[in-house]
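[1] dropping the sequence and predicted coords here.
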Amino acid sequence: MLHTPTIHVARDATHLAWDPAIPPVATVSSGDIVGFDCLDASNGQLLGSVNIGSMPTEVLPAARTEMSDFAPRIITIKINPEKIRDIIGKGGSTIRAIVEQTGAQIDIDDDGSVRIYAADAAAKDAAVNRVMEIAADAEIGKVYRGRVERIVDFGAFINILPGKDGLVHISQIADERVEKVTDYLKEGQEVDVVVLDVDQRGRVKLSMKEVPKQAAG
């Protein structure tokens, strides 16, 4: 049985004070009753006892190794500083949209450090994914699902990443000869494209007809 500590209490006190003779920390074993005897500080008379209850007899077999999905999250990711303006957007429109859609809060430093504060794992993951999508660079040889943004005589501009369009030249639309781009594509249509090249100015060259070969290889 655990020794019951003594607390001296002044009748007009708004707090409790430990008896200096009692160690401030006691070791409690499973099943022990935890309680306190309260004495009048002026005369030492017993005012009463406070019984907090028994310590639990069952404990977790091991510490949790994973955080609850509903626990708040703070994460810092690093992006290319040149992508900061893309994440912020014109007049802050892009970052405001991310905050509204995910519920997370985002701070960005000039060195490309992005701190994301989220109420739970789902909000954190959603915000991280949006930031990484915007900060991503087109990868040569990678197939993307893109949206036809604009059609011109010599091809079509396809959006493959947030804020990143590439050109499918008319010769890269199909294996057969294409006379009119509009015979194969229309604005708003979603198509699979593969990145053929990215030049020094960041312009992306895409192909539709090479997608099956890329997927097979």
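    Received the coordinates, thanks.
[2] in the longest helix along the chain, what's buried?
    Longest helix in the chain, counting residues (DSSP state H): helix 121-135. Taking 16 or more other C-beta atoms under 10 Å as the neighbour-count basis, helix 121-135 is seen to contain the buried residues 121, 123-128, 130-131, 134-135. No exception for glycine: its C-beta is placed from N, CA and C like everyone else's.
[3] helix/strand/coil for A138?
    Assigned by DSSP: H, G, I helix; E, B strand; the rest coil, the conformation of A138 is coil.
[4] can you tell me how far the closest residue to V152 other than its chain neighbours is from I173?
    Residue nearest to V152 in three dimensions, not counting chain neighbours: V181, with 7.3 Å by C-beta to C-beta, 6 or more residues apart in numbering. In this structure, V181 lies at 7 Å from I173, with C-beta to C-beta, to the nearest Å as the measure.
[5] show me the common contact partners of the two, please.
    Applying C-beta atoms under 8 Å, 6 or more residues apart in numbering, one finds that V181 and I173 are jointly contacted by 155-156.
[6] so which of the two has more stuff around it?
    Under the neighbour definition other C-beta atoms under 10 Å, V181 and I173 were set side by side, and I173 has more, 22 against 19.
[7] now do the contacts for the more buried one.
    155-156, 181, 184-185, 208-209.
[8] so N80 touches M132, yeah?
    No. Under the criterion of C-beta atoms under 8 Å, N80 makes no contact with M132, lying 11.3 Å away.
[9] burial count for K209?
    Neighbouring residues of K209 were enumerated by other C-beta under 10 Å; the total is 16.
[10] now do the buried residues in stretch 173-187.
    Residues of stretch 173-187 classed as buried: 173, 178, 181, 184-185 (neighbour count, 16+ other C-beta under 10 Å).
[11] for I108, state which of these is nearest.
    Taking C-beta to C-beta as the measure, L185 is the one of those closest to I108, at 36.2 Å.
[12] check contacts around the closest one.
    Applying C-beta under 8 Å, 6+ apart, the residues near L185 are 148, 151, 156, 173, 191.
[13] where does pLDDT dip in this structure?
    Along the chain, the parts satisfying pLDDT under 70 run over 1-67, 70, 215-217.
[14] go with 90
    Per-residue confidence of the chain (counting by pLDDT under 90) places the weak regions at 1-73, 133, 137, 161-164, 200-202, 212-217.
[15] can you list the residue ranges for strands in it?
    For the chain, the strands identified by DSSP state E occupy 6-9, 17-18, 33-40, 46-54, 73-78, 105-108, 113-118, 143-152, 155-161, 164-169, 190-198, 204-207, in order along the chain.
[16] give the contact list for D109.
    Applying C-beta under 8 Å, 6+ apart as the definition, the contact partners of D109 turn out to be R115.
[17] repeat for V178
    The neighbours of V178, taking C-beta under 8 Å, 6+ apart as the test, are 170-171, 184.
[18] tell me which of those is nearest to I140?
    Of all the contacts of V178, I140 sits closest to S171, with 18.4 Å by C-beta to C-beta.
[19] look up how far A97 lies from the closest one.
    For S171, the distance to A97 equals 36 Å [C-beta to C-beta].
[20] so Q189 sits against V148, correct?
    Yes. Contact criterion C-beta under 8 Å: Q189 and V148 qualify, at 4.7 Å.
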